Each structure stands twice: as structure tokens, then as C-alpha cells.
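Undergrad: next come a sequence and a model predicted from it.
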Amino acid sequence: MNVDKRIIETFGLAKEQYADMDVDVDDAIERLNRIAVSIHCWQGDDVGGFEERETGLSGGGIQATGNYPGKARTVDELRGDLDLALSLIPGSHRVNLHASYLETGGKQVDRNEIGIEHFQGWVDWARERELGLDFNPTCFAHPLADDGFTLSHPDPGVRDFWIGHGTACRTIAADMGRQLGTPSVMNLWIPDGYKDTPVDRKGPRERLLARRDLRG
């Protein structure tokens, strides 16, 4: 028996078993096809990103190494890898971008200065494939994240930098949503925290709450 025939027959048996429990498998699959999963872009390069800087993946509690074999080395390689993955995943999906996956044309742009122009290539790519885009600030792998604190940092200057980054990301996500005709969800992951029991647990929380609006 060839593999395809075996799969079809096994699937038929599974459908019968689910039908005994009043589950319509065909209907379930049809519903599933209408649910868009937001696929993380950083699965393609181990969270390395494409910033024009020498900083590695230190700071901010990130545990990835950024050096697994075969990872995408450029934005075009990553988009090509995503094209292949999406061709093998049933349904219509979305792609979730981190702010560090920008395209600057070789220029160094700090994170509080990014704009939609640095992600327009992603927007155009998504539009051609009828995909939605979601977005994430990148609050790690940056010199101002080395202390383990960003939006709750005790230094007002460091806090203001990360507030500026978050504000820029909200603007970018909103523009992505407008261009693609589907709301872009901005997921704010804040890595701040101690790895031991600190004397002051309340202070960082108060500083974070004071900045919860991200000036938006």
C-alpha cells in the first residue's frame, strides 16, 4: 500500500471515530482554516535580527544563542524561508515581526528612531501574499538593556529611551494595520526583573506603571 493511500484510509477511520462523538471533522477543519496563526519571524534566525550593530544577544534576559546552523542571514533569506514554511502550513496566517528585523539599507538606526519606512519591505511582501503582520518591540540585545531593566529602569534617561522605542513600535504597528487592512497586534514583552530576592520589589513596578501609556 502506498503512503498516500494509507494516510487517506487512516484519516477516514479517524473521522468515523470522531463522528461517534458527534464531531464533524470536515467542519472542524474548515473552521480551523479560517483561524490565522501569528507565526514568529524569529524562528528563522534564532532571534538574531538584522540591525546594523555589533551587539550580540546579551541583555534583557534573552536565552537564545543566535548561532544555530542554517539560520537566515538576511531579510530576503528569512522571507524566503517563511515563504516555504507558509506553503506547507494549511490556512491563511500572519507573521509576527520583532523591531530588530528592520531594513535600514546598511545604516545604523537606534530603536527609538525606527519608523514604518524600515519595515515597508515586510509590508509589501505581506500584501503580495495576503498576510497580516503583527509587531513586537525588542527590549533586549541592546546596551541599554544590559542591566536587566528597560521600562522600569531607575535611570530616567534609560526609561525614556525604551518609552520612545515602544511609542515608535505602536506607530509602526498602526501603519502596518492600515496598509494591510487588518489590525496589527503589538505584543509588548517586558523582560525586566531580578534573578534573586531584591530589597525593593515595589519601586520597579511603580516606575513601570507610571509609563504604561508609552506616550501613545
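TA: Nice, thanks for sending it over.
Undergrad: can you list the domains in the chain?
TA: 1-35, 36-210 (automatic domain parsing).
Undergrad: pick the most buried one from these.
TA: Highest mean neighbour count of the domains of the chain: domain 36-210, a mean of 16 (counted as mean count of other CB atoms under 10 Å). Every C-beta, even on glycine, is put in place using the N, C-alpha and C of the backbone.
Undergrad: now that domain, how far from the centre of its chain.
TA: Centroid separation for domain 36-210 versus its chain: 6 Å, with CA atoms, centre = their mean, to the nearest Å.
Undergrad: pLDDT at residue 34, what is it?
TA: pLDDT, residue 34: 84.
Undergrad: next one: phi and psi at it?
TA: In terms of degrees, to the nearest 10, the main-chain angles of residue 34 are phi -90, psi 0.
Undergrad: contacting residues around it?
TA: 91-92 (CB atoms under 8 Å, 6 or more residues apart in numbering).
Undergrad: residue 97 belongs to a helix?
TA: No. Counting by DSSP: H, G, I helix; E, B strand; the rest coil, residue 97 is not part of a helix but strand.
Undergrad: that one and residue 41: what is the separation?
TA: 5 Å (CB to CB, to the nearest Å).
Undergrad: hang on, residue 81 packs against residue 74?
TA: No. Using CB atoms under 8 Å, residue 81 makes no contact with residue 74, being 10.6 Å away.
Undergrad: do you know the pLDDT at the residue lying closest to residue 99 once chain neighbours are set aside?
TA: Leaving out its chain neighbours, the residue that sits closest to residue 99 by CB to CB, 6 or more residues apart in numbering is residue 138, at 4.3 Å. On pLDDT, residue 138 comes in at 95.
Undergrad: quick one: residue 138 and residue 132, what's the gap?
TA: Going from residue 138 to residue 132 by CB to CB gives 20 Å.
Undergrad: shouldn't the residue nearest to residue 99 be in contact with residue 48?
TA: No. In this structure residue 138 lies outside contact range of residue 48 using CB under 8 Å: 11.1 Å.
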